[in-house]
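# quick one: sequence and predicted model below, then my questions.
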Amino acid sequence: MSKNDSHYVDPSPGKPGKTRSILINFVLDKSGSMDVIRDATISGFNEFKNDQAREDGEAFFTLTLFDTTFYTPITAVPAQRVRDLTYESYRPDGMTALYDAIGHTMKLTDEWVAKHKPDQVLFVIMTDGHENSSRQYRQREIFDLIADRQANADYEFIFLGANQDSYAVGQGIGIRAGRTLDYASTWHSTRDTMDRVSTNVKAYRRHGEKQVADMFDADFERMGVDDGVPLSEKQRHYREQQRRKGLGPKQGSGHGSRRGQ
């Protein structure tokens, strides 16, 4: 961490550890073009983080912000101790060092996972523009890193993209199908996308597997919705649907919704 930790980390202790643990790595664009959705990004991230802090189980957060360069203000901090983003701590500016931000966060993740062995590891990558500023990593290196961690370490990934073909970009950096959402650079689309991702991450945690067939499958998504239906019933239904489709956790069934709206 750095001298600016006070912007991001509450010194108060988190709640006691639970049976299941997850490391959530949020790689968040703060390049200049994000300024038009600054409010929605701040509020959406905060609600996502607070949702995960309320969820049963132990959630650790790593946050990497990137523009022309990258900065990781918190590494594997209990979700309850991660402070909300504010206008002071999230100031869009500069270009888009997407590859460097992912590669740097992957290195930190590998080191922490080797020591602490969480039950699940998830990356959420959110950007509204194309890579144009990385100096340490190239596209092929990031593709190889992500493909390897999906195949050999059971890491999961979600890619959220605006102002681009997010499905092509996600595939271009090695992310499997069924883990990408395309959203518009508007307040409503950004918030709706973040709300949906929060629901799906809750579903991922409640399902409890290291990997799933499709992060945005409708039956999978229902496990993250609090509607009074027992989780066990939703799990049984989801598994039955996957059997009928002939899908396993490392097979994507599609790209999910074309819009997070």
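That came through fine.

# which stretches of the stretch 151-261 of the chain form helices?
166-172, 187-207, 218-221, 231-245 (DSSP state H, counting those that start in this stretch).

# against which helices or strands is the shortest one packed?
Using 3 or more CB pairs under 8 Å, 6 or more residues apart in numbering; DSSP states H and E as the contact criterion, the neighbours of helix 218-221 among helices and strands are helix 187-207, helix 231-245. All C-beta atoms are positioned from the backbone trio N, CA, C, and that covers glycine.

# which stretch in these has the least confidence?
Among the helices and strands packed on helix 218-221, helix 231-245 carries the lowest mean pLDDT, a mean of 93.

# pLDDT averaged over the helix or strand where N50 lies, what's the number?
For N50, the enclosing helix or strand under DSSP states H and E is helix 38-54. What helix 38-54 shows for mean pLDDT is 98.

# which element follows it toward the C-terminus?
Helix 38-54 is succeeded, C-terminally, by strand 58-66 (DSSP H and E).

# quick one on the thing from earlier: send me the helix holding N50 as PDB with only the CA atoms.
Output of helix 38-54 as PDB, limited to C-alpha atoms (Å, rounded to 0.1, in the frame of the first residue of the first chain):
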ATOM      1  CA  ARG A  38     -17.700   9.400 -13.000                       C
ATOM      2  CA  ASP A  39     -20.800   9.600 -10.700                       C
ATOM      3  CA  ALA A  40     -22.200   6.300 -11.900                       C
ATOM      4  CA  THR A  41     -18.900   4.500 -11.600                       C
ATOM      5  CA  ILE A  42     -18.300   5.800  -8.100                       C
ATOM      6  CA  SER A  43     -21.800   4.900  -6.900                       C
ATOM      7  CA  GLY A  44     -21.800   1.600  -8.800                       C
ATOM      8  CA  PHE A  45     -18.500   0.500  -7.400                       C
ATOM      9  CA  ASN A  46     -19.500   1.400  -3.900                       C
ATOM     10  CA  GLU A  47     -22.700  -0.500  -4.100                       C
ATOM     11  CA  PHE A  48     -20.900  -3.500  -5.500                       C
ATOM     12  CA  LYS A  49     -18.300  -3.400  -2.800                       C
ATOM     13  CA  ASN A  50     -20.900  -3.000   0.000                       C
ATOM     14  CA  ASP A  51     -23.000  -5.800  -1.400                       C
ATOM     15  CA  GLN A  52     -20.000  -8.100  -1.200                       C
ATOM     16  CA  ALA A  53     -19.200  -7.000   2.300                       C
ATOM     17  CA  ARG A  54     -22.700  -7.900   3.400                       C
END
